[in-house]
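K.L.:
Whatever this is, show me its structure:
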Amino acid sequence: MSTVPPPHLRTDPAGPASPEAPSATPAGAPAAPRGLSGVVVADTRLGEVRGEEGFFHYRQYSAVDLAGSRGFEDVAHLMLFGTLPDAEELARFTAGTARLRTLPDEVSAALPALARATSASGPLAGLRTALSLFGAARGFRPLYDLGPEERRADVLAAVAVVPTLVAALYRLGQGLEPVEPRADLPHAANYLYMVTGAEPGPRESRAVERYLISTVDHGFNASTFTSRVIASTGADAAACLVGGVGALSGPLHGGAPSRALDTLDAIGTAERIDDWVREQVAAGGRIMGFGHPVYRTEDPRSRLLRGIAEEFGGERVEFAKEVERRTEALLAELKPGRRLHINVEFYAGVVMELCGLPRAMFTPTFACARVVGWSAQILEQSADPKIIRPKARYVGPTAPAPVPALS
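P.N.:
Got it, this is the predicted structure:
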C-alpha cells in the first residue's frame with residue numbers, strides 16, 4: 001500500500017478539526033492519516049474523484065455528462081462491461097436485466113416477516129437480510145471459485161433485484177401489497193412504479209434517473225471500500241454487497257439525504273436561517289448537506305441536482321437555494337479556510353421529495369444506484385488475488401503485563 005503526504009489536520013463537515021494521527025507508528029509500518037484520508041490503496045479503471053477540481057468520472061466519461069445525456073442502463077453497462085453500449089447492445093442488456101427483476105419465491109415469501117421485523121429501522125435494514133437471502137436462494141458461490149462471467153452474472157442479478165427488494169420492503173412496512181416489477185419500463189421508471197404503485201410521469205422518471213446515474217460510483221468511499229475488502233477475501237457477491245449496504249446506512253455516508261431535508265424543516269423560514277446556522281456552529285453540531293471529505297469546491301452532483309430541482313421550481317426549491325446561499329456564506333465567516341459547500345445529499349432529498357419518494361426511501365434509493373458501482377468494484381477487486389489486510393496502531397497499555405491472580 002502506498003501513501004501520499006497527509007494534511008496536518010482533518011476537516012470534518014461543519015465539525016472541529018482534529019489531528020490526523022498519533023505520532024508513534026509500529027516499526028517498519030508506514031504512517032497513515034485518520035480515516036486513511038489521501039491514502040492510495042489500489043489501482044482502478046472505474047473512475048476517480050478530483051476534489052480540487054470539483055469533477056468526477058466513470059471510466060473515461062464525465063459522470064455529470066452521462067447523467068445529462070444517457071440512461072441508467074447505459075451507465076450500468078459502462079461500469080460492468082467497460083463500454084457504453086450501442087443501440088443493439090443496449091436493447092439486449094435492458095431486456096436481460098429487466099427479466100432479472102422478479103424475486104425468487106423463497107425471498108418473496110420471507111419479505112412480509114422481514115418488513116415487520118425491520119419496521120422501526122426501515123427498508124435499508126431489511127435489505128441487508130433480504131440480499132443475503134437472495135444470494136443464498138440464487139446459489140451464489142464464493143467469487144474465489146468463479147470465473148469472470150459467472151461473477152458478472154451474479155452481480156447483474158443483484159443489480160436488477162435490489163430495487164424490487166427495497167420497494168417491496170417499503171410497501172409491506174406501510175401495510176401495502178408489493179407491486180410486481182414491469183419489464184416494459186426503464187430501470188428508474190420501474191423503481192418509482194414499484195414504490196408508489198402508479199406509473200410515473202416522464203419528468204419524475206428522468207429526474208430520478210439522473211440522480212441514480214450521478215450516484216452510481218464515487219471513488220473509494222466507505223461503502224465501496226467495504227465491498228472491496230470483502231471481495232478481496234473471495235466471499236460471494238451477496239456478502240460483498242451486504243457489507244456495502246451496511247456502510248451506506250450510516251448518517252455520515254448514505255444516511256444523510258433525509259437528514260439534510262430535516263435541516264430545511266428545522267430552519268422553517270428564510271428569516272431563521274442565520275440564527276439557526278450560528279446556533280448549530282456554536283454548539284459544535286453538524287449541518288447535514290454541507291461539507292465533503294474530498295471536494296474542496298462545489299460538489300458537481302449538487303450542481304446537477306440543483307438544476308433538476310429548478311426544473312420543478314416552487315417554494316421548497318427557492319427556500320433550499322436560499323438556505324444554501326446563506327449557510328455557505330455563514331460557514332465561510334465562522335469557519336474561515338474550511339471551504340464548506342453543499343454536498344450531494346442537500347439537493348438529493350429535495351429532488352426525491354419532488355418526485356414522490358418518501359424520506360424512508362431516500363437512502364434505499366441511493367443503494368439502488370450504488371449497487372452498480374459496488375458491483376463493478378467487486379468485479380475489479382476479484383481479479384486481484386491479494387487479500388486486503390492493513391495494520392492497526394496499538395495505543396493501549398504496554399504489553400506484556402503480568403496476568404493477575406484471581407482474587
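
K.L.:
Poorly predicted segments of the protein, please.
P.N.:
1-29, 255-257 (pLDDT under 70).

K.L.:
ok, now with 80
P.N.:
Of all residues in the chain, those with pLDDT under 80 make up the ranges 1-32, 252, 254-260, 285-286, 288-293, 295-297, 337-344.

K.L.:
How is it divided into domains?
P.N.:
What automatic domain parsing lists as the domains of the chain is 58-253+371-382, 257-354.

K.L.:
Just put the ones you listed in a markdown table and tack on mean neighbour count and distance to Met361.
P.N.:
C-beta: built from backbone N, CA, C; applies to glycine. What follows is those, written out as a markdown table (neighbours: other CB atoms under 10 Å; distance: least, CB to CB, whole Å):
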| stretch | mean neighbour count | distance to Met361 |
| --- | --- | --- |
| domain 58-253+371-382 | 20 | 6 |
| domain 257-354 | 19 | 7 |
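
K.L.:
Thr365 is nearest to which of those?
P.N.:
domain 257-354 (6.2 Å; CB to CB).

K.L.:
what's near enough to touch Tyr118?
P.N.:
Quick fix: residue 118 is Thr, not Tyr. Residues counted as contacts of Thr118 (CB atoms under 8 Å, 6 or more residues apart in numbering) are 125-126, 129, 169, 173.

K.L.:
repeat for Ala115
P.N.:
Shown in contact with Ala115 (CB under 8 Å, 6+ apart): 123, 126, 168-169, 172-173.

K.L.:
would you list those residues in TSV and tack on secondary structure and distance to Gly314?
P.N.:
Output for those, formatted as TSV (DSSP: H, G, I helix; E, B strand; the rest coil; distance: CB to CB, whole Å):
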residue	secondary structure	distance to Gly314
Pro123	helix	27
Gly126	helix	32
Ala168	helix	31
Leu169	helix	30
Leu172	helix	32
Gly173	helix	29
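
K.L.:
And these, which is closest to Ser214?
P.N.:
Using CB to CB, the contacts of Ala115 come closest to Ser214 at Pro123, 21.2 Å.

K.L.:
what's the distance between the closest one and Val162?
P.N.:
11 Å (CB to CB, to the nearest Å).

K.L.:
Please identify every residue contacting each of the two.
P.N.:
With CB under 8 Å, 6+ apart, Pro123 and Val162 have no common neighbours.

K.L.:
Asn102 should be in a strand, yeah?
P.N.:
Actually, residue 102 is Thr. It isn't Asn. No. Assignment of Thr102 by DSSP: H, G, I helix; E, B strand; the rest coil gives coil, placing it outside any strand.

K.L.:
Please tell me how far it sits from Leu165.
P.N.:
Relative to Leu165, and taking CB to CB, Thr102 is found at 11 Å.

K.L.:
Please apply the same query to Ala32.
P.N.:
Distance from Ala32 to Leu165, counting by CB to CB: 36 Å.

K.L.:
which element is the closest residue in space to Glu353 that isn't next to it in sequence on?
P.N.:
Ranked by CB to CB, 6 or more residues apart in numbering and with sequence neighbours excluded, the top spatial neighbour of Glu353 is Leu261, at 6.5 Å. In this structure, Leu261 sits in helix 257-267 according to DSSP states H and E.

K.L.:
who does that helix touch, helix- and strand-wise?
P.N.:
Contacting helix 257-267 under the criterion 3 or more CB pairs under 8 Å, 6 or more residues apart in numbering; DSSP states H and E are the following elements: helix 273-282, helix 315-334, helix 344-354, helix 362-382.

K.L.:
As a markdown table, these with distance to Ala95 would be great.
P.N.:
Shown next, in a markdown table, are the helices and strands packed on helix 257-267 (distance: least, CB to CB, whole Å):
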| stretch | distance to Ala95 |
| --- | --- |
| helix 273-282 | 49 |
| helix 315-334 | 36 |
| helix 344-354 | 28 |
| helix 362-382 | 18 |
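
K.L.:
nearest to Arg182, of those?
P.N.:
Of all these, it is helix 362-382 that lies closest to Arg182, at 15.7 Å by CB to CB.

K.L.:
Packing partners of that closest one?
P.N.:
helix 72-81, helix 123-137, helix 148-173, helix 202-214, helix 222-232, helix 237-248, helix 257-267, helix 344-354.

K.L.:
The same query, at a cut-off of 6 Å, please.
P.N.:
Where contact means 3 or more CB pairs under 6 Å, 6 or more residues apart in numbering; DSSP states H and E, helix 362-382 is packed against helix 72-81, helix 123-137, helix 148-173, helix 222-232, helix 237-248.

K.L.:
now the shortest one against helix 362-382, angle please.
P.N.:
This points to helix 72-81. Here the directions of helix 72-81 and helix 362-382 differ by 30 degrees (axes from the mean of the first three to the mean of the last three CA atoms, to 10 degrees).

K.L.:
Dump the C-alpha coordinates for helix 72-81 into CSV.
P.N.:
C-alpha atoms of helix 72-81 as CSV (Å, rounded to 0.1, in the frame of the first residue of the first chain):
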residue,chain,number,x,y,z
PHE,A,72,-29.3,4.4,-16.3
GLU,A,73,-28.9,1.2,-18.3
ASP,A,74,-26.2,2.7,-20.5
VAL,A,75,-24.2,3.7,-17.4
ALA,A,76,-24.7,0.3,-15.8
HIS,A,77,-23.4,-1.4,-18.9
LEU,A,78,-20.4,1.0,-19.0
MET,A,79,-19.5,0.2,-15.4
LEU,A,80,-20.0,-3.6,-15.6
PHE,A,81,-18.8,-4.3,-19.1
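
K.L.:
how big is the angle separating that helix from helix 202-214?
P.N.:
20 degrees.

K.L.:
Need the residues that contact helix 72-81.
P.N.:
By CB atoms under 6 Å, 6 or more residues apart in numbering, the residues outside helix 72-81 that reach it are 59, 66, 84-85, 93-94, 187-188, 209, 212-213, 216, 372, 376.

K.L.:
cool, the second one as well?
P.N.:
The set of residues external to helix 123-137 that reach it, using CB under 6 Å, 6+ apart, is 104, 106-107, 110, 114-115, 118, 165-166, 169-170, 236, 238, 241-242, 245, 249, 363-364.

K.L.:
for Val40, phi and psi?
P.N.:
phi -90, psi 120 (degrees, to the nearest 10).

K.L.:
still on that earlier bit, next, give me the two most distant ones among the contacts of helix 72-81.
P.N.:
Farthest apart among those by CB to CB are Arg59 and Ala188. That separation is 20.9 Å.

K.L.:
I'd like the distance between Ser227 and Ala189.
P.N.:
27 Å.
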